[in-house]
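J.: here is a sequence with its predicted model. Questions after.
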Amino acid sequence: MYDNVLKIIERAQNGSKEDMTKLVEENNGLIWSIVRRFNGRGYEIEDLYQIGSIGFIKAIQRFDTSFEVRLSTYAVPYILGEIKRYIRDDGPIKISRSIKELNVKIKELQKEYMNKYGKEIGLEEISRKLKVPKEEITMALDSTKPVDSIEEAHYRDSKTDKTISILEQISTGRDEQTEITNKIVIKNLINELEDKEKEIIMLRYYKQKTQMQVSKILGITQVQVSRIERRILDNMRRKLIV
């Protein structure tokens, strides 16, 4: 079933207007679910839908079928981004009450999970516990976080003594606009990691811990941390190569 969807996506990317229209129509509910969150702000809802559709089409055009992520999940930040840019021209964007309430639930669950298990909770687990689709979880998280947070997640490389980001670590050295179509893909790749792998990335790139510090926190050797980190980055790099 999903393989058939990938074929439709590929045909749409190759210029098939029929397949592009079909994808938009099949994801009409997703687009509207995001658009309705901006209702009542002085903008025509139909106009916002058109803007959201443009964002969805951009997501299709930039979607890499080799990524292990659903188009609907990948498209959420594009749809949000287009609508935000449209509204931002008239002033600061406001987050709807429903998104704020969902974010509160997510934060509470993340804190509770961390206190209980000592590690970050994954997207799948959040979705399961809150009984909310992953797309809505992604949308809620992205509504309060800067899109370029991954790019700003830095740590100091002990070998070069330079501060580098995770994007620089997994870069192939080719055109980043082609290789890394959107930073949200990396967020999804991180969410797909095993718990220990995810914890290493979070400690290294978000909490700026050294490999030695990570090894003490996790109770493993520094060599093991280095090997696991390198394997994670290599796997992520392979998924980002066109």
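T.: Sure, I can see it. Residues are numbered from 1 along each chain as shown.
J.: from here on, contacts and neighbour counts on C-alpha atoms
T.: Noted.
J.: quick check: which ranges of the chain have low pLDDT?
T.: Residues of the chain meeting the criterion pLDDT under 70: 1-3, 68, 88-97, 142-188, 238-242.
J.: quick one, helices of it?
T.: Using DSSP state H, the helices of the chain run over 2-13, 17-26, 28-35, 45-62, 71-88, 97-117, 123-130, 134-144, 166-170, 176-179, 183-191, 195-201, 211-218, 222-240.
J.: show me what the fifth one is packed against.
T.: In this structure, helix 71-88 packs against helix 28-35, helix 45-62, helix 134-144, helix 183-191, with contacts taken as 3 or more CA pairs under 8 Å, 6 or more residues apart in numbering; DSSP states H and E.
J.: the second one now?
T.: When contacts are defined as 3+ CA pairs under 8 Å, 6+ apart, helix 17-26 packs onto helix 2-13, helix 45-62.
J.: then the longest one?
T.: Under the contact criterion of 3+ CA pairs under 8 Å, 6+ apart, the helices and strands touching helix 97-117 comprise helix 123-130, helix 134-144.
J.: by how many degrees do the shortest one and helix 134-144 diverge?
T.: This points to helix 123-130. Put simply, helix 123-130 runs at 100 degrees to helix 134-144, going by axes from the mean of the first three to the mean of the last three CA atoms, to 10 degrees.
J.: show me what helix 123-130 is packed against.
T.: Under the contact definition 3+ CA pairs under 8 Å, 6+ apart, helix 123-130 sits against helix 97-117, helix 134-144.
J.: only the buried residues of that helix, if you could.
T.: Applying a neighbour-count criterion of 16 or more other CA atoms under 10 Å, the buried positions in helix 123-130 are 123, 126, 127.
J.: residue 134 is in contact with the last one, correct?
T.: Yes. Contact criterion CA atoms under 8 Å: residue 127 and residue 134 qualify, at 5.5 Å.
J.: could you break the chain into its assigned domains?
T.: 2-88, 95-145, 147-242 (automatic domain parsing).
J.: so what's residue 105 up against?
T.: Going by CA atoms under 8 Å, 6 or more residues apart in numbering, residue 105 touches residue 130.
J.: can you tell me which of the domains of the chain is most buried?
T.: Most buried of those, by mean neighbour count (mean count of other CA atoms under 10 Å): domain 2-88, with a mean of 17.
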